[in-house]
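Q: No letters, just coordinates:
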């Protein structure tokens, strides 16, 4: 409207200092931004990323009460957790107090505030270490392990989960032992050490015998591990077992997760049309289950890859942009970075040199308020392939070297081996 010209998101964010009080506003500002209408795009607008979306200050001002309401609801949940912890302590129930603090950390984690979540979990761990009941300590260690793996620090997560497993095993805490086994498998998977991942998942599977839901979760993890090792037949067999168990003990969201993995397996089997079918089925299951934005974005990532494998570039970009909208609306920063990597790869497949803007934005997101070295390393690998496909040998080498440095820092052996091999395959100067 006249008199209220749009402002680019990147311009708005540049003006905001990095202080905790403005964190909810930052997220709200991004999630409520909009793209231009296609017939009003400026030159180059087709390469837009989240920073090039726009907002109108009048619209933002009118929606500030909504932003405040969300922030207050989140803060109220944290305060309620503290009051609950105090009630438990007054009643002499310190395990209950520790679990209340862990729930507060989980609330922070669910919004992507990993550093704040870590503070809650670490505080809960310190209190739990003085208790005779060791199960809250196991829960706190598992929470810290999960957080570290999600934040791209799998070695740190591995240490936390190892402590949790040793403690749970000594205390005959079966639930804690299973959770620690799952977490140790996840940490090994994040490091690319698949034999270690499978060993821990199978140990957890033995402990979970008789529990259909935990059995299904572990079969699903084992399927992903088999697929990563290149054994797609075993992956499909395990996915069948996971789906059967989930149908008996869970709901459509768990089924959607299995279908998403099934689509990824079909892609690796060289059957993109079958993969598209699985991903569409996953969307249907998500709708039936009421939706789950992080999983839905994963399905869009997979569907985009499947369409790219069929050379359906326009459809692939359209689906990826739908995933982008959801990731922005729910502040899913890491998945947003992966979507931009895909958009850059898509442009590279069409020999479009301007696709570099998507990789640059993905790198920026990986270094943001909640840095993730693993995402940055993976992004540099794909950026190198993009540069290589355009004949830019020096640019590709620089990206590979950045990735190698990151994977070395993370002690990610599979990543180092991959990058070393692709560096060696670069044509000589």
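A: Happy to help now that I have it. Please read all numbers here as calculations on a predicted model, not as lab measurements.
Q: so what's residue 423 closest to, chain neighbours aside?
A: If you skip the residues right next to it in sequence, residue 423 has residue 400 as its closest partner in space, 4.8 Å away by CB to CB, 6 or more residues apart in numbering. C-beta: built from backbone N, CA, C; applies to glycine.
Q: number of nearby residues for the one you found?
A: For residue 400, the tally of surrounding residues (other CB atoms under 10 Å) stands at 24.
Q: Please give the element, helix or strand, for it.
A: For residue 400, the enclosing helix or strand under DSSP states H and E is helix 393-410.
Q: Figure out how far that helix is from the centre of its chain.
A: 22 Å (CA atoms, centre = their mean, to the nearest Å).
Q: Only the buried residues of that helix, if you could.
A: Residues 395-397, 399-400, 402-404, 406-407, 410 are the ones in helix 393-410 that count as buried (16 or more other CB atoms under 10 Å).
Q: how far is stretch 196-210 from where the chain is centred?
A: Distance, centroid of stretch 196-210 to centroid of chain: 23 Å (CA atoms, centre = their mean).
Q: brain fart, stretch 178-187
A: A distance of 17 Å separates the C-alpha centroid of stretch 178-187 from that of its chain, computed with CA atoms, centre = their mean.
Q: residues of it that come out buried?
A: The neighbour-count check on stretch 178-187 (16+ other CB under 10 Å) flags 178-187 as buried.
Q: before we move on, what about stretch 220-231?
A: Those would be 220-228, 231, for stretch 220-231 by 16+ other CB under 10 Å.
Q: that older thread, contacts made by the helix or strand just after the helix holding residue 400 with the rest, please.
A: Using DSSP H and E, the helix or strand that follows helix 393-410 in sequence is helix 413-424. By CB atoms under 8 Å, 6 or more residues apart in numbering, the surrounding residues in contact with helix 413-424 are 191-193, 377-378, 381, 384-385, 397, 400-401, 403-404, 406-408.
Q: let's see 10 Å
A: Contacts of helix 413-424 from elsewhere in the structure, counted by CB atoms under 10 Å, 6 or more residues apart in numbering, are 189-194, 228, 374, 377-378, 380-381, 384-385, 388, 396-397, 399-408, 410, 412.
Q: Helices of the stretch 1-150 of the chain, residue ranges please.
A: Assignment of helices within the stretch 1-150 of the chain using DSSP state H, counting those that start in this stretch yields the ranges 9-15, 23-31, 57-90, 94-110, 114-128, 135-150.
Q: so what does the fourth one touch, helix or strand wise?
A: What it means is helix 94-110. helix 57-90, helix 114-128, helix 135-150 (3 or more CB pairs under 10 Å, 6 or more residues apart in numbering; DSSP states H and E).
Q: Which of the ones you listed has the highest mean neighbour count?
A: Mean neighbour counts were compared across the helices and strands packed on helix 94-110 using mean count of other CB atoms under 10 Å; the top stretch is helix 135-150, at a mean of 25.
Q: which residues touch residue 153?
A: Contact analysis of residue 153 by CB under 10 Å, 6+ apart lists 114, 145, 147, 159, 187, 190, 371-374, 410.
Q: Identify the residue spatially nearest to residue 204, adjacent ones excluded.
A: Leaving aside its sequence neighbours, residue 204 is closest to residue 181 (3.1 Å, by CB to CB, 6+ apart).
Q: Which pLDDT does the model give the one you found?
A: In the predicted model, residue 181 carries a pLDDT score of 98.
Q: Give me the next element, helix or strand, following the helix or strand where it lies.
A: Here residue 181 sits within helix 174-191, counting by DSSP H and E. Beyond helix 174-191 in the direction of the C-terminus, DSSP H and E gives the next helix or strand as helix 194-207.
Q: and the next element down the chain from that following helix?
A: Sequence order places helix 212-228 as the next helix or strand after helix 194-207, per DSSP H and E.
Q: That following helix - what's its average pLDDT?
A: This predicted structure assigns helix 212-228 an average pLDDT of 94.
Q: now do stretch 387-404
A: pLDDT averaged over stretch 387-404 equals 95, rounded to a whole number.
Q: got a list of contacts for it?
A: Outside stretch 387-404, the residues within contact range by CB under 10 Å, 6+ apart are 345, 347-349, 351-353, 355-356, 359, 363, 376-386, 412, 415-416, 418-420, 422-429.
Q: Kindly recompute the last result at 6 Å.
A: With CB atoms under 6 Å, 6 or more residues apart in numbering as the test, stretch 387-404 has contacts from 348, 353, 377, 380-381, 383-384, 419, 423, 426.
Q: gap between the helix holding residue 181 and the chain center?
A: Its chain's average C-alpha position is 17 Å from that of helix 174-191, according to CA atoms, centre = their mean.
Q: about what we covered before: which pair of the contacts of residue 153 spans the longest distance?
A: Checked with CB to CB, the contacts of residue 153 reach their widest spread between 159 and 371, with 19.5 Å between them.
Q: ok, back up a step: quick one: which of the helices and strands packed on helix 94-110 has the weakest pLDDT on average?
A: Among the helices and strands packed on helix 94-110, helix 57-90 carries the lowest mean pLDDT, a mean of 87.
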